[in-house]
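A.B. asks: What follows is a predicted structure for the sequence shown.
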Amino acid sequence: MSVPYKIIKKVKFEVDKNDLIDAQHSARLQYNLLKLDPVIKAKVEYTKALITIIYNPKSADNEKKKTDLNELKEFLEKEGIKTKNAKISEQDYDYYKEFYSYAFSPKQVRYHPPYGSKK
Amino acid sequence: MTGRKTNENIINNSISGVNDSKPTEIKENDDGLKYYSRTKKELEAMPEVDTTMTICPECKLIIKGVLYKDGDNVMIRKDCPEHGMFIEKYWEDYNLYMKMKKYNYNGRGIDNPNYLNKGENCPFDCGMCERHKSHTGLANVVVTNRCHLSCWYCFFYAKSGEPIYEPSIEELDKLFLNLRSQKPIPANALQLTGGEPTMHPKIVEIVALAKKRGFDQIQLNTTGINLGFNPKLAEDLRKAGVSTLYMSFDGVSKRANPKNHWEVPLTLKAARKAGIGVVLVPTVIKSINDNELGQMVNFGLNNIDIVRAVNFQPVSLVGRMPKRQRQTQRITIPGTIKKIEEQTNGAISKEDWFSVPCIGDITKFLEAASGAYKYDLSIHFACGTGTYLFLDSGNKVIPITRFIDVEGLVEHFRQGYSEMDGKPRLIRKAIAMKYILKLPSFIDTAKQPKSVNALSLLTSVFAKRTFNSLAKLQMKTLFLGIMHFQDEYTYDIHRVEKCDIHYAMPDGEVLPFCTFNVLPEIYRDKIQNQYSIPEKEWMASHKDWTYSKDKYIRNVKDLEARKEYAETYGNLTDYFKKAD
């Protein structure tokens, strides 16, 4: 078993906040995106009106399920997100370096001092 | 000759007695079902107990959950704007809920979460995110999705045609190192699971590697069947480092436990020979096996030399099922406690149980006394309860609460660490000693079992400032636990963020139990599929393998004829027999 993905895609959609409705609907949209097999990770940030999707593109060299930007747009349209007016930026994403390696060597985001030491 | 025949009759009658149990019948007008038929007006009039965030079981919209009191029950209701109202039993005893709630507290979480995420969209942001409030108490690692059984309710095992998930030793080592690198408290207790973990061809090496990586406690979540037929494997696993078999055990009778009723005698024999402790793990389903809870405890007591615990798991109703079936089969922790009390003739009462996080105050005391962070059990109070049973002379069963004032002790140590807070090290030690010297006042030596010196045991825990001394306690007792994992109907996000049973995933993420299993479509199944091998590819690299060859075929006649079967199920002492 090796890492299933190598270079895949990361796309960001800056959308109209009204389309996201509220924080709870944004969370559900994130869930619905994650259910798609070619979507590796998704994050819908209501406060920023930003949808970020890491996905396995049709151009990728692997045997897993794939998709493309147009299919993702279609999906988002069905979910009530008007992608025609969205600002879209897409880039390559190194799954091994940016996701997998990080997960196995995560940074410390906070620090508990030794017991009893002054804060 | 006559004596032997009489003995055989007793054994046969005991065995048939064990197998005579009938399931609880739920009638259409069962009183327990009325809670599901309230009108909206009635619901809104009921006193609120708590609020939380939850999910719609249909569409997963995050919605408000209201916990309210209906009769003796704490119920949860949630109203989805698209799918309407859902009602479910949350905790079948309001008074017990309020008693357990006072022990709730937040733990330290994980300082180096594996997924950079603030967790605003919990439970869809898992990986572990920085919002999580408990460190890993028990780390689960799936070593294979192959299983030799095909239980109707299980979603874990690979079915014919499906990809195989079976990480190599090198891949598992990465997961072990990841868990051991957690801060501020590295994972220390590991459960290897599946499928059936003993089907991994390198299971012994995997255990040895986990031990080498520093896990103190290694459990195997198993049907026990392979070990029963291969006692040498049990010995090898023990030598490699397995301390406990976490073994499915859905009942004492064949009817309640079709999974491994016939093989349990062989597994217990192998465990005894190897010296591996066994935890019996019944999944409790109302109207299926809830009539055998007392018998399961009794079975544990009859095998107390090797059975360390019985850990009941009220069923999580994950997946689609008819509403009436869900309502009929639902049982929660207090419902389980009540049935155990009834079926043990009051020997184990409601008052004998304590919530898992009540240990928190004792942990904080130990931390303050030792000046070091300790392993924390900061799960939500509604997730788990436990008690210890002691077997005294004359076959008397004594719960720990009958001779140790557990509540008073916990409060005592709460005061202790409050007094130590902010003080220098030497002053803390002096204060700790003051509190330890008062231990005898919490022990009723007249009621303690004759074989136990409770004061000596407790003093050892506090003098050494570690729970390790409790290992001695476990050799003399039967621990009873009840862990209720969630499903979409009972889902409480406050419980999710405090979960300390975590799965280490092949992509490096770490997930709490109730996201991994309740939302498998975005976690368990999704990620394992990414790292699985298609069946054809697996067959190409495993020339003699077929799906059907993995499956166990039982010879019931042969197993029932074995002496181990008669020895295990015949002549069971009834520790809960009513006095004449």
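C.D. replies: Done, it's in.

A.B. asks: tell me which element the residue in chain A that chain B sits nearest to falls in.
C.D. replies: In chain A, no residue comes nearer to chain B than residue A:103, which is 2.4 Å away by C-beta to the nearest C-beta. For glycine as for every other residue, the C-beta is placed from the backbone atoms N, C-alpha and C. For residue A:103, the enclosing helix or strand under DSSP states H and E is helix A:101-104.

A.B. asks: Now tell me what touches that helix from outside.
C.D. replies: For helix A:101-104, contacts defined as C-beta atoms under 8 Å, 6 or more residues apart in numbering or on different chains pick out B:114, B:115, B:116, B:127, B:174, B:177, B:178, B:507, B:508, B:509.

A.B. asks: Leaving out chain neighbours, which residue sits closest to the second one?
C.D. replies: Right, the one you point to is residue B:115. The spatially closest residue to residue B:115, leaving aside those adjacent along the chain, is residue B:127, at 2.4 Å (C-beta to C-beta, 6 or more residues apart in numbering or on different chains).

A.B. asks: show me the contacts for that neighbour.
C.D. replies: Shown in contact with residue B:127 (C-beta under 8 Å, 6+ apart): A:103, B:113, B:114, B:115, B:117, B:509, B:510, B:511.

A.B. asks: for those residues, which one is nearest residue B:324?
C.D. replies: residue B:511 (31.9 Å; C-beta to C-beta).

A.B. asks: so residue B:146 touches residue B:197, yeah?
C.D. replies: No. With contact defined as C-beta atoms under 8 Å, residue B:146 and residue B:197 do not form a contacting pair (9.7 Å).

A.B. asks: These two: which has the busier surroundings?
C.D. replies: When neighbours are counted by other C-beta atoms under 10 Å in any protein chain shown, residue B:197 comes out ahead of the other of residue B:146 and residue B:197, with 26 against 21.

A.B. asks: Kindly provide the distance from that one to residue A:102.
C.D. replies: Taken as C-beta to C-beta, to the nearest Å, the spacing of residue B:197 relative to residue A:102 amounts to 28 Å.

A.B. asks: On the pLDDT front, check whichever residue of the stretch 251-400 of chain B sits closest to chain A for me.
C.D. replies: Sorted by distance to chain A under C-beta to the nearest C-beta, the residues of the stretch 251-400 of chain B start with residue B:371, at 5.1 Å. Looking at residue B:371, its pLDDT stands at 86.

A.B. asks: Which residues lie in contact with the closest residue to chain A within the stretch 151-300 of chain B in this structure?
C.D. replies: Taking C-beta to the nearest C-beta as the measure, the point where the stretch 151-300 of chain B comes nearest chain A is residue B:184, at 4.4 Å. Shown in contact with residue B:184 (C-beta under 8 Å, 6+ apart): A:112, B:108, B:111, B:135, B:373.

A.B. asks: let's see 6 Å
C.D. replies: Shown in contact with residue B:184 (C-beta atoms under 6 Å, 6 or more residues apart in numbering or on different chains): A:112, B:108, B:111, B:373.

A.B. asks: quick one: the first one from residue B:545, how far?
C.D. replies: The one in question is residue A:112. When distances are taken as C-beta to C-beta, residue A:112 and residue B:545 turn out to be 48 Å apart.

A.B. asks: Identify the residue spatially nearest to the residue of chain B found nearest chain A, adjacent ones excluded.
C.D. replies: When scored by C-beta to the nearest C-beta, chain B has residue B:508 as its residue closest to chain A, at 2.4 Å. The shortest distance from residue B:508 to any residue that is not its chain neighbour, by C-beta to C-beta, 6+ apart, is 2.4 Å, and that residue is residue A:103.

A.B. asks: what about that neighbour, how many residues close to it?
C.D. replies: For residue A:103, using other C-beta under 10 Å, the count is 22.

A.B. asks: Mind pulling up the pLDDT for it?
C.D. replies: The predicted local distance difference test score for residue A:103 is 94.
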